[in-house]
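my questions concern the predicted model and sequence given below.
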Amino acid sequence: MADLDGESFLETASVGLLPFIFLMKPPKSMDTEEWLKKCVEKIEAAPVDTQTRGTLFLALSTLGNLVYDLTLLQKFISEEMMQEFPFIEHLIQKYSEQGSREMAIKNIQAVLTKRFPQSNVQNIEQSLESIEDLDRLTELHLTAIDTPSVEDFLQALNGSEV
């Protein structure tokens with residue numbers, strides 16, 4: 001691909017080829033940075049919807065990262081430009097929720113450890129890990145703050161009212 005004349009493809013290529021053109025040979029008068037900028041501009045001007053444009057930028061950055069340093073790509077392709085890609089949106093939401101869940105579990109354990117240093121609260125972690133509902137974990141965090149004992153917290157954890 002590096003031997004193909006990128007400029008001729010840039011002017012005539014179908015939209016689906018745009019992410020690959022950066023890997024082709026740039027015009028002799030352009031350095032790599034200028035070539036990337038021109039390829040990014042071509043994708044920005046492509047007659048496609050926002051979601052497709054995000055997909056093109058993601059493909060360009062992924063393919064470009066195989067050959068070039070990520071820092072160069074990040075100069076011209078921001079995260080916002082790729083966020084319209086449905087898969088990226090899904091991953092952002094998934095890992096955001098996962099991180100929030102993990103933080104909630106750590107916060108519950110920290111509160112219980114601080115409030116009840118003599119009790120073994122480490123075995124509560126497995127029960128907390130089985131809870132997927134972030135609202136339920138938030139509720140348990142507040143319960144951990146106010147509960148009079150670890151036993152009362154365990155009752156709330158297992159669904160009994162304190």
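Structure's in. What do you need?

please count neighbours and contacts with C-alpha atoms only from this point.
OK.

got the residue ranges for the strands in the protein?
For the chain, no strands are identified by DSSP state E.

ranges for the helices of this protein?
6-12, 18-21, 32-45, 50-65, 70-76, 79-82, 86-115, 124-129, 134-146, 150-157 (DSSP state H).

may I ask which helix or strand of this protein has the lowest mean pLDDT?
In the chain, no helix or strand scores lower on mean pLDDT, DSSP states H and E than helix 79-82, which sits at a mean of 68.

about what we covered before: can you add mean neighbour count and give the helices of the chain back as JSON lines?
Shown next, in JSON lines, are the helices of the chain (neighbours: other CA atoms under 10 Å):
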{"stretch": "helix 6-12", "mean neighbour count": "16"}
{"stretch": "helix 18-21", "mean neighbour count": "23"}
{"stretch": "helix 32-45", "mean neighbour count": "17"}
{"stretch": "helix 50-65", "mean neighbour count": "20"}
{"stretch": "helix 70-76", "mean neighbour count": "14"}
{"stretch": "helix 79-82", "mean neighbour count": "16"}
{"stretch": "helix 86-115", "mean neighbour count": "16"}
{"stretch": "helix 124-129", "mean neighbour count": "14"}
{"stretch": "helix 134-146", "mean neighbour count": "17"}
{"stretch": "helix 150-157", "mean neighbour count": "18"}
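
considering the ones you listed, which stretch scores lowest in mean pLDDT?
The stretch with the lowest mean pLDDT among those is helix 79-82, at a mean of 68.

center of this protein - which residue?
I92 (3.6 Å; CA atoms, centre = their mean).

how does the chain divide into domains?
6-84, 87-157 (automatic domain parsing).

can you give me how far the last one is from the chain middle?
Per CA atoms, centre = their mean, to the nearest Å, the displacement of domain 87-157 from the mean C-alpha position of its chain is 23 Å.

ok, stretch 41-48 next?
On CA atoms, centre = their mean, the centre of stretch 41-48 falls 24 Å from the chain's centre.

who touches that stretch?
Identification of contacts with stretch 41-48 by CA atoms under 8 Å, 6 or more residues apart in numbering yields 10, 15, 18, 53, 56-57.

adding distance to L63, write those out as a markdown table.
Formatted as a markdown table, the contacts of stretch 41-48 follow (distance: CA to CA, whole Å):
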| residue | distance to L63 |
| --- | --- |
| L10 | 16 |
| V15 | 15 |
| L18 | 11 |
| R53 | 15 |
| L56 | 10 |
| F57 | 10 |
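
which one of those is nearest R101?
F57 (30.5 Å; CA to CA).

right, and the closest one touches I77 too?
Yes - counting by CA atoms under 8 Å, F57 touches I77, with 7.0 Å between them.
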